[in-house]
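**Student:** Okay, sequence plus prediction incoming.
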Amino acid sequence: MNVKTGKDWGEYEKNAWRPDSDWCDDLIATGVLVRLHEQGGQIYPEKLIRQDNHVLAKIPDGLAVRGGKVVWLEVEHARKSGKAMNDLAHALCIVAEGTCKEVLGLRPNAVWVAYADVPDERGYRIDHCLRITSAIRRTARKSVSLTWVVCTLSGRGVSNMTLFPEVIEASLAGVILEKLDANGWKEEDGCLVSYYGGRPSYVWEDDDGGWGYQLEGRVADRAASKSEAMLGCANCIVIDHIAKQATLA
């Protein structure tokens, strides 16, 4: 028999087995994909995507072809913060823009974020909609259309799911970053430079692999990635704009 085992079996402690920490995410993802399959959709679980993926930095919890759309499924249960949340928001923005790279011969172009109103692994209830919306607004260059999938858990899986489409508007920093990108980042003296209102923004890679950025006339700062550094420049422009408006008021 040609079989392949999963990568996570959980662990034993004092002769008792317990599942891995992602068991609830896997349960919700499987339940949503099964529902989509029942509705006639073609589904691809995460493990299959991982076997084929050579291009995506962030792997979805599943893909589904549904009504002419290629759905990128993301499941939220545990608390995300910092780089993990930024990476998630960046991936969802790229999919919503229709510029995601192909995987399994498919180009994801619709975003579904699934969650269940149950406590996380620490016993806390998390407002996933609020946290993800905030992260997307910080990251997006334009409005992002997505669908929230609220799952009801009962028995051994997802007994029901309710869809809530939403359009999340980009923050002012995201709008400014889109204009910086449109103006082009040109290489000058080891930096990438773009202009907004005639004022240059600088982004560069440090020797340690981190990234630095600076808006002319402001103190330089650091970021974890090039995209975060570019967004940092846009945020500096917003801060200066707000300060200027306050002065004129």
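**Tutor:** Thanks, I have it. Numbers count the residues shown, from 1 in each chain.

**Student:** Now do the most centrally placed residue in the chain against residue 128, distance only.
**Tutor:** What sits nearest the mean C-alpha location of the chain, by CA atoms, centre = their mean, is residue 88, with 2.1 Å. Using CB to CB, to the nearest Å, residue 88 is found at 11 Å from residue 128. Heads up, the C-betas are built off the backbone N, CA and C, glycines and all.

**Student:** Over to residue 25?
**Tutor:** From residue 25 to residue 128 the distance is 12 Å (CB to CB).

**Student:** where do the contact lists of these two overlap?
**Tutor:** The contact sets of residue 25 and residue 128 overlap at residue 76 (CB atoms under 8 Å, 6 or more residues apart in numbering).

**Student:** Who has more neighbours out of those two?
**Tutor:** A direct count of neighbours by other CB atoms under 10 Å for residue 25 and residue 128 places residue 128 higher, at 23 against 19.

**Student:** so that one touches residue 115, yeah?
**Tutor:** Yes. Contact status for residue 128 versus residue 115: in contact at 4.6 Å, counting by CB atoms under 8 Å.

**Student:** could you pull out the strands for the chain?
**Tutor:** 11-13, 16-18, 42-45, 62-66, 69-75, 110-116, 144-154, 157-168, 186-188, 191-196, 199-205, 211-215, 221-223 (DSSP state E).

**Student:** hmm, back to that, need the contact list for the residue nearest to the centre of the chain.
**Tutor:** Counting by CB under 8 Å, 6+ apart, residue 88 touches 58, 74, 80, 132, 135.

**Student:** ditto for residue 52
**Tutor:** Counting by CB under 8 Å, 6+ apart, residue 52 has contacts 103-104.
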